[in-house]
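> sequence first, predicted coordinates after that:
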Amino acid sequence: MYKPCVIIPVYNHPHVIRAMVHKIVDMGYPCILIDDGSDPECKNILFDLARESEQINLIRFDKNQGKGAAVCGGLWAAHKKGYSHALQIDADGQHDLKDIPLFFQTSMRSINDVITGSRVTDKIPLSRHYGRAITDILVWVHTLSLKISDSMCGFRVYPLKQTTELLDNVRVGKRMDFDTEILVRLYWSGLNISQLSTKVIYSRDIPSHFNMFADNIRMTLMHICLFFGMIVRIPKLIKRHF
């Protein structure tokens, strides 16, 4: 049975998270919030949200562990609660919530696929544009495929059985390297990756938690690991494609 939920990793986004969660619950989707060590203001808002409705569940990390760790916590929790699929969405308000039904409808038609967003925007900052382009090229190398065109988009639906099985057996990045690495590893495991265009809003009023130095180092090390992982999988990947 197809039973979806929405998971939101949250780290200090007190000004937008309440409205986001209300819209998602009003659409009829249960929501799992993961408080990744937020400051008291945001922490209190999340606590109040969890008390408002049985449709809202809250997981708390006392200390910030990183986006990847928070998402993994949400995926495991969703699977244990009996959900079949989970939609990951960022807490900063950049994603278009109106696209959530489309993502779930597409997932219902291909229940074993990962459905991930491909961002559409006219105002992407240059630093993000070049970073995204470089990562896209490297992901094509890691998968020997052009299937994944925006691996850094944090708007996606996971089939929980296959995803949690992977997470139980493979270590993935705990911070900003997570989004790209989990897609590549799910692709390696045999899952199909389907992409949907989705609008995003970049604004100076929306803080980014991407650390230009530390997270770029993590991304570089991740790509090195994935490259060598691809080398040992070349026969399997070639067989899959041809």
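Looks like it arrived, so ask away. Numbers count the residues shown, from 1 in each chain.
> spatially central residue for this protein, please.
residue 154 (3.8 Å; Cα atoms, centre = their mean).
> contacting residues around that one?
Residue 154 is in contact with 67, 88-90, 95, 179, counting by Cβ atoms under 8 Å, 6 or more residues apart in numbering. (Glycine included, C-beta is placed from N, CA and C.)
> let me have these in TSV, extended by secondary structure, distance to residue 195 and neighbour count.
As requested, the contacts of residue 154 are exported to TSV (DSSP: H, G, I helix; E, B strand; the rest coil; distance: Cβ to Cβ, whole Å; neighbours: other Cβ atoms under 10 Å):
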residue	secondary structure	distance to residue 195	neighbour count
67	helix	20	27
88	strand	14	26
89	coil	16	26
90	coil	17	21
95	strand	14	22
179	helix	13	24
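> what's the most distant pair in these?
67 and 95 (14.1 Å; Cβ to Cβ).
> low-confidence ranges, the protein, go.
Where the chain drops to pLDDT under 70, the residues are 121-131, 202-213, 215.
> for it, just list every one of the helices.
Secondary structure of the chain by DSSP state H: the helices cover 17-26, 40-52, 67-80, 100-109, 126-143, 160-169, 178-188, 214-232, 234-241.
> JSON lines for these, including distance to residue 116?
Shown next, in JSON lines, are these (distance: least, Cβ to Cβ, whole Å):
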{"stretch": "helix 17-26", "distance to residue 116": "18"}
{"stretch": "helix 40-52", "distance to residue 116": "26"}
{"stretch": "helix 67-80", "distance to residue 116": "13"}
{"stretch": "helix 100-109", "distance to residue 116": "9"}
{"stretch": "helix 126-143", "distance to residue 116": "12"}
{"stretch": "helix 160-169", "distance to residue 116": "12"}
{"stretch": "helix 178-188", "distance to residue 116": "7"}
{"stretch": "helix 214-232", "distance to residue 116": "17"}
{"stretch": "helix 234-241", "distance to residue 116": "19"}
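> of all those, which lies closest to residue 9?
Judging these by Cβ to Cβ, what sits closest to residue 9 is helix 67-80, at 3.5 Å.
> what angle do the closest one and helix 160-169 make?
Interaxial angle of helix 67-80 relative to helix 160-169 (axes from the mean of the first three to the mean of the last three Cα atoms, to 10 degrees): 130 degrees.
> how far does helix 67-80 sit from its chain's centre?
Counting by Cα atoms, centre = their mean, to the nearest Å, helix 67-80 is centred 10 Å from the centre of its parent chain.
> and that helix, which residues are buried?
67-79 (16 or more other Cβ atoms under 10 Å).
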